[in-house]
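Engineer: what follows is a predicted structure for the sequence shown.
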Amino acid sequence: MSRTPSSARPFVSPDANGPAPQDPSRTRLPVLRTADTHCPYCALQCGMRLEEDADGTVTAAPRGGGMCKKGWTSPELLDHPERITRPLLRGEPVSWETALDHVADRVRRVQAEHGEDAVGVFGGGGLTNEKVYQLGKWTRLALGTKHIDYNGRFCMSSASAALNRSFGIDRGLPFPAEDLKDAEVVVLVGANPAETMPPFMRFLTGAELVVVDPRRTATAETAQLHLQPVPGTDLALANGLLHIAIEQGYLDHDYIGAHTTGFDEVRQTAAGYWPAFVERITGVSVPDLYAAARLMAGKRTVLLTARGSEQHAKGVDTVTAWINLALALGLPGRPSSGYGCLTGQGNGQGGREHGQKADQLPGYRMITDPAAREHVAAVWGVDPGTLPGAGVSAVELLRKCGDEVKMLFVLGSNPVVSAPRAARVADRLKDLDSLVSFDFVMSETARLAEVVLPVTQWAEEDGTMTNLEGRVIRRRTLRPAPDGVRSDLWIMKELAARLDAPGTYSTDPEAIFAELGRASAGGKADYSGLSYARLEERSFQWPVPAADHEGTPRMFTDLTFPTPDGRARFIAVDHRHPAERRDSVYPLYLTTGRILTQYQSGAQTRRIGSLDGGQFLQIHPDTAVRHGIGDGDLVRVTSRRGSYTAPALLSADIRPDTVFSPFHFPGAENANAAVSDVLDPVSRMPEFKVCAVKIAPAPR
Ligand SMILES: Nc1nc2c(c(=O)[nH]1)N[C@H]1C(S)=C(S)[C@@H](COP(=O)(O)OP(=O)(O)OC[C@H]3O[C@@H](n4cnc5c(=O)[nH]c(N)nc54)[C@H](O)[C@@H]3O)O[C@H]1N2
Ligand SMILES: Nc1nc2c(c(=O)[nH]1)N[C@H]1C(S)=C(S)[C@@H](COP(=O)(O)OP(=O)(O)OC[C@H]3O[C@@H](n4cnc5c(=O)[nH]c(N)nc54)[C@H](O)[C@@H]3O)O[C@H]1N2
Ligand code: SF4
Ligand SMILES: [Mo]
């Protein structure tokens, strides 16, 4: 196990992350087939060419742009020995007939006894648009339940809610990433792209960088200015920067007057955020606050937030505070300027638009809106009255398991590892009458399932994904799936047939995409002008409301916003402390995140031999000494909810009051055993990025 987090190494270049070393004794055979597709992992969706040799070996290489180590090694999972290729019923291989009949029978029995809402669905932001769309339809029509939500609730939900509130629309980046090359200043708030999307760093080489992160990360290494706040204090920081901007006359009054509402209240709130007061809350020095504000003023500045700033019980208000700052400086809509949020999962953007959110219908419509219900019901050929209402958010859905919810379908997520308060989540799932997992490996969640259904991987399917720029791109099949494996779409169709469900279900992604287009027409995320034929030529950024529409690379360029009055909204927000503060019993803050070589719950990347990186606890040397902990010692990290163990990685790159672990590792090493499940009141995002812990040496 390598204990060196990649953040301990300075960032060199995206190419330093790949290609994976080839076996020199292996002579390349003739190429059997190729496919131009995109990486299976993060929201950057790097363009990738797959080649299959005559002996079945698949290799991946970038198409023009870059790729990180995870992309280069992604084909290793296709023929992995741990890949599942037969349905499993209580761990025993069975035929598809048996498995599907069993699942349909379970649904009928659970619903007959406990009602339709006793069945739930937990989806994922890595699923294609076609899967997400059909999943939302299948849940509402075939299962007839309101209980659907997905892991994007853990990911994007705070930024989504804030974007909708301030701008009236939720597209992570309102401009192409290329535009960042012309920005003069980029502020990265709680984002570590040098590890989480390395090729993205090439867009940032022209600008002065300000990084806001409690750790000196590989990204912070490249910055002109690194602000190192206490976790959970970004809101105060943003309000403090606005205070200075007002005091120093950095505001764009014409912009504020003509294109926004609500500034007066925000100005009053900001007045209370004196620099010395902000320094006391955040730990960022007054001179650094002034330096940051000065850097941004009067320039083409882009503020970008990611999970560090968003995964808090006040995540929505924190993002709002950064948007307020951007509006006050007159940035959104101006060239190479503005606010954006870095989406995380492969289809994190499309995954939040087409109906797997508890309160949502396709095209970013709300399920509680009568007009939206009518439109979508007409496309689905059903009466609007038959559509269920809004369900509950991901954490709340998991909490209901074994209680109100008796049966759960999970696809595209591994919540036993990735959900907060993970031990309790596992207990809840064990309390279900039936857990059904669609996956291609035995994830920790699949291990608890009554039925596991083996599905295709990215190189074996067609579809579309919507990347972090709102760009709709094509996933293309390289080769058919192994014997025994079926697509997520096929399983939905088969189960719908067994349940005599209303509506039609398809296994053809192109046909589903066409239907998705109709369902999204007139919605905020309008895909109705797109078709596979058009996507054959190039990618398009939504909205694309007509077949001759060229897409929308840049939003708000005329300085109007899709709010009722056409103006962006300032919303006054105040700082609150994290739900748990440090005290004498739990004297440290735990924050969590990612390392370059592992992806999410690790279900995929932990199985790839050439990807290294194990669990660790990043800890300041002074803090380690106080606790009698040496480099490499095993440490037990305990919160009010639970504990995990990790080897210590002594590093002066982290604040002395804070420790950090990645969340990619299961079992005794699972950081989410300790993490808090307190939720943001608006987005229902759990507070992944800060809780109070104590640490002690653990016996080996
Ligand atoms: N290698 C790799 N890449 C990935 C993923 C992966 O699992 N592995 N996952 C993808 C997904 S789904 C996502 S959502 C993105 C996430 O991408 P990022 O948001 O860049 O990743 P994180 O590591 O979760 O968090 C970023 C930083 O936030 C800092 N942070 C912690 N607490 C705070 C705080 O209170 N304030 C501030 N300002 N910063 C804080 C952490 O120290 C961390 O360096 O990455 C995507 N890319
Ligand atoms: N402590 C802490 N916890 C966190 C975070 C954090 O920063 N700190 N970040 C949160 C964030 S931002 C996210 S996005 C979540 C992610 O965490 P998870 O939701 O657990 O995401 P993955 O690990 O990507 O799980 C995807 C699962 O679905 C399978 N899969 C992949 N593609 C498909 C498909 O097309 N169909 C089907 N049926 N299965 C598929 C994979 O094999 C894997 O088992 O974790 C959250 N958890
Ligand atoms: S940066 Fe993201 S999309 Fe690109 S190769 Fe790495 S994991 Fe894949
Ligand atoms: Mo995410």
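Structural biologist: Perfect, thanks for sending it. Ligands and ions are numbered 1, 2, ... in the order given.

Engineer: which parts of the stretch 601-700 of the chain are helices?
Structural biologist: Here the stretch 601-700 of the chain has its helices, by DSSP state H, counting those that start in this stretch, at 621-626.

Engineer: name the element the closest residue to Pro578 other than its chain neighbours belongs to?
Structural biologist: For Pro578, ignoring the flanking residues on the chain, the nearest one in space by C-beta to C-beta, 6 or more residues apart in numbering is Gly232 at 3.7 Å. Glycine gets a C-beta too; all of them are placed from N, C-alpha and C. Using DSSP states H and E, Gly232 sits within no helix or strand.

Engineer: what's the spacing between Gly232 and Tyr644?
Structural biologist: 20 Å (C-beta to C-beta, to the nearest Å).

Engineer: higher neighbour count, those two?
Structural biologist: Comparing Gly232 with Tyr644 by other C-beta atoms under 10 Å, the one with more neighbours is Gly232, at 32 against 29.

Engineer: pretty sure that one contacts Leu590?
Structural biologist: No: counting by C-beta atoms under 8 Å, Gly232 sits too far from Leu590 to count as a contact (11.1 Å).

Engineer: overlap of the contact sets of these two?
Structural biologist: Counting by C-beta atoms under 8 Å, 6 or more residues apart in numbering, the shared contacts of Gly232 and Leu590 are Val690.

Engineer: pull stretch 64-77 out as PDB, backbone CA atoms only.
Structural biologist: Output in PDB follows, covering the C-alpha atoms of stretch 64-77 (Å, rounded to 0.1, in the frame of the first residue of the first chain):
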ATOM      1  CA  GLY A  64      -6.900  15.600 -28.500                       C
ATOM      2  CA  GLY A  65      -7.300  16.600 -24.800                       C
ATOM      3  CA  GLY A  66      -5.600  15.000 -21.800                       C
ATOM      4  CA  MET A  67      -6.500  12.100 -19.700                       C
ATOM      5  CA  CYS A  68      -5.500  11.200 -16.100                       C
ATOM      6  CA  LYS A  69      -4.300   7.800 -14.800                       C
ATOM      7  CA  LYS A  70      -7.800   6.700 -14.200                       C
ATOM      8  CA  GLY A  71      -8.800   7.200 -17.800                       C
ATOM      9  CA  TRP A  72      -5.700   5.400 -19.100                       C
ATOM     10  CA  THR A  73      -6.400   2.300 -16.900                       C
ATOM     11  CA  SER A  74     -10.200   2.200 -17.200                       C
ATOM     12  CA  PRO A  75     -10.300  -0.700 -19.700                       C
ATOM     13  CA  GLU A  76      -8.800  -3.000 -17.000                       C
ATOM     14  CA  LEU A  77     -12.200  -3.400 -15.500                       C
END
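
Engineer: what are the buried residues along it?
Structural biologist: Gly66, Met67, Cys68, Lys69, Lys70, Gly71, Trp72, Thr73, Ser74, Pro75, Glu76, Leu77 (16 or more other C-beta atoms under 10 Å).

Engineer: try stretch 182-195
Structural biologist: So stretch 182-195, judged by 16+ other C-beta under 10 Å, has buried residues 183-195.

Engineer: ok, which of those also contact ligand 1?
Structural biologist: When the buried residues of stretch 182-195 are checked against ligand 1 using C-beta under 6 Å from any ligand atom, the ones in range are Val189, Gly190, Ala191, Asn192, Pro193, Glu195.

Engineer: so what secondary structure elements neighbour the helix ranked longest in the chain?
Structural biologist: Across the chain, the longest stretch assigned as helix under DSSP state H is helix 96-114. Where contact means 3 or more C-beta pairs under 8 Å, 6 or more residues apart in numbering; DSSP states H and E, helix 96-114 is packed against strand 88-89, strand 119-123, strand 407-411, strand 434-439, strand 451-454, helix 488-498.

Engineer: got the contact list for the second one?
Structural biologist: Looking back up the chat, that one is strand 119-123. Contacts for strand 119-123 (C-beta under 8 Å, 6+ apart): 107, 110-111, 132, 135, 139, 143, 145, 147-151, 351, 356, 391, 394, 397-398, 400-401, 405-413, 415.

Engineer: which residues of this protein lie near ligand 4?
Structural biologist: Selection of the chain residues close to ligand 4 by C-beta under 5 Å from the ion yields Cys155, Gly344.

Engineer: show me the shaky parts of the chain.
Structural biologist: 1-26 (pLDDT under 70).

Engineer: got the residues of the stretch 1-150 of the chain near ligand 3?
Structural biologist: Cys39, Tyr41, Cys42, Leu44, Gln45, Cys46, Met67, Cys68, Lys70, Gly71.
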